[in-house]
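Participant: Structure, please.
(chains A and B)
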Amino acid sequence: MRRERLLGGALEIAVPILLLVLWGVWSSASDTYYFPPLTDILTTFRETWLFDRFGSDVVPSLVRLGLGFGLACVAGVVLGMALGLHPTLRRLTDPVVQFLRSIPPPALLPFGILVMGVGNSMKVFIIAFVCVWPVLLNTIDGVAGVDPTLRETSRVYGVTSRDRLFHVTLPAATPQVFAGMRTSLSLALILMVISEMVASTNGIGYFVLQSQRTFAIPEMWSGILLLGILGYVLNAGFVLIERRVLRWHRGARASSLS
Amino acid sequence: MLHVEHLKKTYGEGVRAVEAIGDVSLEIRENELVCIVGPSGCGKTTLLKCMSGLLPPTSGEVRLGDERVSGPPERMALVFQEYSRSLYPWMTVRQNVAFPLKRKRLGKDEARRLVEEAVGSVGLSGALDRYPWQLSGGMQQRVAIARALAYQPDILLMDEPFASVDAQTRADLEDLVLEVRRRYGVTIVFVTHDIDESVYLSDRIMVLTPSPTEVQEVLTVDLPQPRDQVATKELPEFAHLRGHVWRSIKRRQADEDAGGAAAPHVTSAG
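Facilitator: I've put the predicted structure just below:
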């Protein structure tokens, strides 16, 4: 059991390294212009991102992502609680919600640029607008699906509506809220890149596109690599927080299955 | 102390209406332990939910003392059958028991004392800071009982509380109920489908008919106190009562099966 776990853990680390080595070996002999040797890319990566363009491109990107994602989470949870608790309100707004969330996000870019210009607020708006739906819909589901026995218990003991909201309904819905947020986080990264590619003067997305246009191929690759790493780290960080907050959920599920 | 008068509960409307409770009148006296038994699906839970104010009756009324019950009264607590879904999994045992006390606006020390005393009286002092899902089923139900006790109700309703624990745990929990009742002097209404359990625990037993529910029979249990899992169950009176309740339920079921759709209203007070 223990040996199997150790082996699994070792493989988890070994496979990416192996792939990198394969890429390195394969590309070192490459004279194709579009696939420069991995060592070139890594050198460029170090020169570019540690930490020459960190302040000028990475920080603005992260700020946009953070603001957009944060706004979406707050709005999604607040609206989701309201709609989850009021079935009539939910029915009335459902067609609008379904319509808005069906709009392919990049289609909103021209509108965003027109109304808000090419600055940060447009990008934050686009990210938030796209990220809000998974959080909203999951919160609605979570809130509406609180176990009836749990709700009856709160009623029997005369728990005030305020306490019920913050200490019963919200915690009971967190597993689903977190699932929605995780979906939104990857959407946020995608929309950050797209919005920076369409209209921007800085940011990682802008850098990747600009590098490609000026035939700075190793730079372009280093940007793509950075975005991949960023996505991985963000998700890993999120999972870490989720595990802490939802420790009770995993415990309760494990005990009800055994 | 708790009066139910001509309670009737119908689910749905029109042709699809289902009459769950036909006509139930009963009285629970102060400090007594009453078991409500009946065949499965006879509307025991519906009756209990109406008594606790969770469900509004279609007609008739429930009174606690002089007050008409229209929502869960502050003097009443309820222990559910599904302990794992009635305890808050994100709260520790201590937090679970303390949570309903917020309404009472007690001092911090007083609330803490109540919580620790209640958890101690169900024998779980060592588990105060654990989570419900870290405990066995029987222990979880003890926590639910402790939560009800700390709330200091005058009347405690229990809805088949031991239906999903094993036999040994069940016997322990039955004795626990008898003991906390002595200690806290609380009136208890205990719904069960287990005839042995009802005879063992009760001062009085109310036997219900199949749905639409009515009270078929009320029996007084004169077994000596304190009860004992072995000695009490060896008494000839125990066997006699057990047989009586058993036949009372079976006979009625047989009548129903024989096609007595509109069975007569039988009530014998004992």
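Participant: use CA for all of it now, contacts and neighbours both
Facilitator: Fine.
Participant: can you give me the strands for chain B?
Facilitator: B:2-11, B:18-28, B:33-37, B:59-64, B:67-68, B:76-79, B:155-159, B:187-192, B:204-208, B:213-220, B:268-269 (DSSP state E).
Participant: what are the pairing partners of the fourth one, and which direction each?
Facilitator: Put plainly, it is strand B:59-64. Its sheet considered, strand B:59-64 pairs with strand B:2-11 (antiparallel), strand B:67-68 (antiparallel) by DSSP bridges.
Participant: Which parts of that strand count as buried, going by neighbours?
Facilitator: Within strand B:59-64, the residues that count as buried by 16 or more other CA atoms under 10 Å in any protein chain shown are B:61-64.
Participant: Not counting its own residues, what contacts that strand?
Facilitator: B:1-9, B:50-51, B:68-69 (CA atoms under 8 Å, 6 or more residues apart in numbering or on different chains).
Participant: Now rank those residues by neighbours and give me the top one.
Facilitator: B:M51 (28 neighbours; other CA atoms under 10 Å in any protein chain shown).
Participant: Could you check how far it is from B:A127?
Facilitator: 32 Å (CA to CA, to the nearest Å).
Participant: Please apply the same query to A:V208.
Facilitator: 57 Å.
Participant: Which one's more surrounded, these two?
Facilitator: Counted by other CA under 10 Å, A:V208 and B:A127 do not tie: A:V208 has more neighbours, with 22 against 18.
Participant: Show the contacting residues for that one.
Facilitator: Contacts of A:V208 by CA under 8 Å, 6+ apart are A:219-221, A:223-224.
Participant: Using CSV, write out the CA atom coordinates for stretch A:227-243.
Facilitator: Only the C-alpha atoms of stretch A:227-243 are listed here, as CSV (Å, rounded to 0.1, in the frame of the first residue of the first chain):
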residue,chain,number,x,y,z
LEU,A,227,1.0,30.5,-19.0
GLY,A,228,1.0,26.8,-18.6
ILE,A,229,2.9,27.0,-15.4
LEU,A,230,0.7,29.8,-14.2
GLY,A,231,-2.5,27.7,-14.8
TYR,A,232,-1.0,24.8,-13.0
VAL,A,233,0.1,26.7,-10.0
LEU,A,234,-3.2,28.6,-9.7
ASN,A,235,-5.2,25.4,-9.8
ALA,A,236,-2.8,23.7,-7.3
GLY,A,237,-3.2,26.7,-5.0
PHE,A,238,-6.9,26.6,-5.3
VAL,A,239,-7.1,22.9,-4.6
LEU,A,240,-5.0,23.4,-1.5
ILE,A,241,-7.4,26.1,-0.2
GLU,A,242,-10.4,24.0,-1.1
ARG,A,243,-9.0,21.0,0.8
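Participant: buried ones in it?
Facilitator: A:227, A:231, A:234-235, A:242.
Participant: Make a markdown table out of the contacts of A:V208 and add secondary structure, neighbour count and distance to B:P226.
Facilitator: As requested, the contacts of A:V208 are exported to a markdown table (DSSP: H, G, I helix; E, B strand; the rest coil; neighbours: other CA atoms under 10 Å in any protein chain shown; distance: CA to CA, whole Å):
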| residue | secondary structure | neighbour count | distance to B:P226 |
| --- | --- | --- | --- |
| A:E219 | helix | 26 | 85 |
| A:M220 | helix | 25 | 84 |
| A:W221 | helix | 23 | 82 |
| A:G223 | helix | 24 | 79 |
| A:I224 | helix | 16 | 78 |
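Participant: Now do the helices in chain A.
Facilitator: With DSSP state H, the ranges of helices along chain A come out as A:2-28, A:38-49, A:59-85, A:87-102, A:109-116, A:120-144, A:148-156, A:161-163, A:170-198, A:204-213, A:217-245, A:247-257.
Participant: Same question for the stretch 151-270 of chain B.
Facilitator: B:167-184, B:195-201, B:231-234, B:236-257 (DSSP state H, counting those that start in this stretch).
Participant: Report pLDDT for residue 113.
Facilitator: Just going to use chain A. Note for A:I113: predicted pLDDT of 90.
Participant: You answered for a different chain; I wanted chain B.
Facilitator: 91.
Participant: Kindly report the same for A:M1.
Facilitator: pLDDT at A:M1 comes out at 66.
Participant: residue contacts, whichever residue of the stretch 101-250 of chain B sits closest to chain A?
Facilitator: Taking CA to the nearest CA, chain A has its nearest neighbour within the stretch 101-250 of chain B at B:W133, 5.1 Å off. Contacts for B:W133 (CA under 8 Å, 6+ apart) come out as A:251-252, A:255-256, B:84, B:89, B:140.
Participant: hang on, the earlier thing: looking at the strands of chain B, spot the one closest to A:D52.
Facilitator: strand B:76-79 (64.3 Å; CA to CA).
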